[in-house]
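**Q** with the input below, show me the fold.
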Amino acid sequence: MADAFQPRFVDLVRNYTTTAGTGDFVLGPAVNGYSGFASALSVGDRFYYSAVGVDKPAEREVGRGTLLANGIVKREPVSGAKTNFTGGTKSIALIAAAEWFDAANAGIAIAAGAPRSVADRAALAASGAGTSAHLREKGREGLFVWDGTDLSAKVTSDPAQGLFIAPASDASGRSGAWVRKFDGAVLPDWFGLVRGASAGANAATNDAAFVAMWSALAALAQSTGGAKVLHAVDLGPGTIEISAPIIAPGTVKINGRGMGMSTVGGGTADCGTMVMPIGCTAFRFDYSRSSLSDLVIFGDFSTTEAEYHGVHFRQLFYGTNIRCQSMRGDGFYAEGTTSAGFLADSARLVGCEGRNCRNGFYFNGADANVIQIIGGTAHNNRQWGVWESSSLGNAYFGVELSGNGVQPANDGIGIGAAVVSHNGNWYGCIAGQEAAAALNAPSGTATDNAYWYYVKAGAVAPGFPAWTSGMSLRAGGAAYSDDSGAINGFTDCYAETNQGKAQLTQGTTVRGGMLAKWLWMNPAPNSSPNVLSVATDGAIQFQPSAKVASGSVTSSLGSVQGNAPNWIVSGLHASFGNKPYGFYMDAGSFDIQCGYNNVSTQVCWTFTGANTTQQFGTGAAFPYAFSPFALMVQGNGRSTTNARRLMIDAAAPTSGAHARGEVVFNRNAAIGAPIGWMCTAAGTPGTWAPMANL
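**A** Model prediction:
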């Protein structure tokens, strides 16, 4: 290959010449106001020139020149043959040719003495074999080099000529082909993609471009452990319309140029990357470890929903900084069923957003588990911000949830309403009760019923239609989980109160964040999630398990719902259910009260650990006092058969079964009265003898 062409650039250099024909230019005088070539350059310097007939401007030429001795410029046209100039004066100037900028943008070098530039693919094919060429065709620009080996298989796989262009003399590619040279990702533009919003006019062309690109990349794919790994793809900036899903035939990394976007509700974006699916899913990933990043997917939802999603993945998938908006279906949709060959486990979405879709995020199936959603937003979706239907569970960290289930489309006619207004209040539809809720009105007060939960006071508004009998309903709101066997976690997730409340199963745990305050706590046994939050009094709350605090704030147990909670706070450990009560106190002191029936005055027992030197029985504080209604004293092995009770009462028992050795202390003991009574013979109520008088 010839030496690299390194042009000199000097401003305001121009001469006249009267050279005719195709010979080298013989320089005449410098044009008034310009420097001449001979004074601005040295013999041997290379440069770009343009030559134009002064009287015949149709005669022109752009080329690469070399300054020779005696004021002669060697000619080498950038494209095509030398111009056959007729007589008359011409102007020849030193310029910066477009070829140089195109080559700089493509990161290639210009070689001297070789046909460097061709206008389009047809011209390149017509040029036959060669060394290298720069294709200038818009959208397909780049460097091609000649490969004389049999490339027929690759030429066949690339009918759009994005990577391989066979010569016209042998279009099969058996005798060789021009091969694109590039570093980095593949651009779909090379295969005929057209950018820009066109009300769908470009969609079919772009569908064909993606199909052609996948065909070419599949022929070049590497196999790693049986998996087909494709070359990375750069979607580039601007808007891309499609009418068929983009489905890669192997594992692929697809990158956009950011999430820039103009008007919400139908606008297009010139900054960043926007993919606009028209009546279809935008991306579907069928191969493990594919990834997508940095783009907006803008759907065409108007009034009708369909199973057209922003990103549909059926295998392990990584998504970063993706916004799915206005989809007829869901923003991010995952299905995982091993029997169907789909395994979406262990996927990860970072900074992704589902907006104005049916559900922002929807994950379903026995193998759509261990998915992590980190950051991001589920905003203004028509049903749920998050619909979690996996069988084992997924994790959500710092997700923002707002405006879900209460969009204008939720009118209760075309699309079911999730929240309705009735008697001046808002009520949310309880999941599973949609059919009955359509026939049974909300309570009309700040209470729930079997079909509706109370949200807050609110009038009829778009997204909050008035309840009418027979209206269309579907549960919706911040988040929903429907598999009680799945262990899902929501950590530090933010939820606005401008939407339906979250409805989560007991297998779900909510840890902190405003979502912990925007839940409908289903009163049915084993139906509501475990919630860790902070109460208004500063106490750390566990609901429905327990509420725990420190200092002067009273701690109390909440509803257990049939399951035994197990919690540890500041050295305190308690076990419930079939286990005996047990407590351990570290250094310091605390006060515990245990009641029942949620009535504070019905205290089973109290325990206090205030440090004091006061004596018992003085009427002062009782240090380390354990105060039960009746204390059961057990023997070795904690056998209840041999246990005896210590009680306090005003008289000996007159009913109930008692064992020999039980003691009742007289709480009204006065001087001369017995201090208590002891059971001397078991029975009902047994035989009781007074103990010594005071």
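
**Q** how many other residues sit next to residue 668?
**A** By the criterion of other CB atoms under 10 Å, residue 668 has 9 neighbours. Every C-beta, even on glycine, is put in place using the N, C-alpha and C of the backbone.

**Q** wait, what's in contact with the nearest residue to it once chain neighbours are set aside?
**A** Using CB to CB, 6 or more residues apart in numbering and skipping residues adjacent in sequence, the residue nearest residue 668 is residue 650, 4.9 Å away. Going by CB atoms under 8 Å, 6 or more residues apart in numbering, residue 650 touches 666, 667, 668.

**Q** now distance to residue 369, pLDDT and secondary structure too, for these, in CSV please.
**A** Shown next, in CSV, are the contacts of residue 650 (distance: CB to CB, whole Å; pLDDT from 0 to 100; DSSP: H, G, I helix; E, B strand; the rest coil):
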residue, distance to residue 369, pLDDT, secondary structure
666, 64, 91, strand
667, 60, 87, coil
668, 65, 86, coil
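
**Q** could you find the closest non-adjacent residue to residue 306?
**A** In space, and not counting its chain neighbours, residue 306 is closest to residue 328: 4.3 Å by CB to CB, 6+ apart.

**Q** could you do residue 376 as well?
**A** Going by CB to CB, 6+ apart, residue 376 has residue 352 as its nearest residue, at 4.5 Å.

**Q** restricting to C-alpha, output the helix ranked longest in the chain in CSV.
**A** Longest helix in the chain, counting residues (DSSP state H): helix 203-220. Output in CSV follows, covering the C-alpha atoms of helix 203-220 (Å, rounded to 0.1, in the frame of the first residue of the first chain):
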residue,chain,number,x,y,z
ALA,A,203,-40.6,1.8,10.1
ALA,A,204,-40.7,-0.9,7.4
THR,A,205,-37.3,0.2,6.1
ASN,A,206,-35.8,0.1,9.6
ASP,A,207,-37.3,-3.3,10.3
ALA,A,208,-35.5,-4.6,7.2
ALA,A,209,-32.3,-2.9,8.3
PHE,A,210,-32.3,-4.7,11.7
VAL,A,211,-33.1,-8.1,10.1
ALA,A,212,-30.2,-7.6,7.6
MET,A,213,-27.8,-6.5,10.4
TRP,A,214,-28.6,-9.5,12.6
SER,A,215,-28.1,-11.8,9.5
ALA,A,216,-24.6,-10.3,8.9
LEU,A,217,-23.6,-10.4,12.6
ALA,A,218,-24.8,-14.0,13.0
ALA,A,219,-22.4,-15.0,10.3
LEU,A,220,-19.6,-13.4,12.3
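
**Q** neighbours around the residue nearest to residue 306, how many?
**A** A count of nearby residues for residue 328, using other CB under 10 Å, gives 21.

**Q** poorly predicted segments of this structure, please.
**A** 1-4, 103-116, 224-226, 260-271, 339-340, 535-630, 632, 634-641, 694 (pLDDT under 70).

**Q** recalculate using a threshold of 80.
**A** Applying pLDDT under 80 to the chain flags the ranges 1-5, 99, 101-116, 128-131, 222-227, 259-271, 336-341, 525-526, 533-643, 693-694.

**Q** thinking again about what came up before, please enumerate residues in contact with the longest helix of the chain?
**A** Under the criterion CB under 8 Å, 6+ apart, residues 153-154, 157-160, 162-164, 186, 188-194, 228, 230-231, 233, 240-244, 246-250, 252, 278 lie in contact with helix 203-220.

**Q** quick one on the thing from earlier: tally of neighbours for the residue nearest to residue 376?
**A** Residue 352, neighbours per other CB under 10 Å, totals 27.

**Q** so it touches residue 317, yeah?
**A** No: checked against CB atoms under 8 Å, the pair residue 352 and residue 317 is beyond contact range at 10.9 Å.

**Q** still on that earlier bit, which of the contacts of residue 650 lies closest to residue 514?
**A** Nearest to residue 514 among the contacts of residue 650 is residue 667, at 50.5 Å by CB to CB.

**Q** mind pulling up the phi and psi values for the residue nearest to the closest one when sequence neighbours are not counted?
**A** In this structure, residue 667 finds its nearest non-sequential neighbour in residue 648, 4.9 Å apart by CB to CB, 6+ apart. Dihedral pair for residue 648: phi -130, psi 130, per degrees, to the nearest 10.

**Q** before we move on, what about residue 424?
**A** Note on residue 424: backbone dihedrals following degrees, to the nearest 10 are phi 80, psi 10.

**Q** so which residue of this structure lies furthest out from the middle?
**A** residue 672 (80.3 Å; CA atoms, centre = their mean).

**Q** distance check, it against residue 663.
**A** According to CB to CB, to the nearest Å, residue 672 and residue 663 sit 20 Å apart.

**Q** what do you get for residue 52?
**A** Taking CB to CB as the measure, residue 52 falls 123 Å from residue 663.

**Q** wait, doesn't residue 653 sit right on residue 676?
**A** No: using CB under 8 Å, residue 653 is not in contact with residue 676; the gap is 11.6 Å.

**Q** find residues that contact each of those two.
**A** Listed as contacting both residue 653 and residue 676 by CB under 8 Å, 6+ apart are residue 664.

**Q** returning to that earlier point: just give the nearest non-adjacent residue to the residue farthest from the centre of the chain, would you?
**A** residue 693 is the one closest to residue 672 (CB to CB, 6+ apart), at 5.6 Å.

**Q** just want the most central residue of the chain.
**A** With distances taken as CA atoms, centre = their mean, residue 352 lies nearest the centre of the chain, 3.0 Å away.

**Q** ok, that residue - contacts?
**A** Residue 352 sits next to 319, 320, 321, 322, 323, 324, 331, 332, 373, 375, 376 when contact means CB under 8 Å, 6+ apart.
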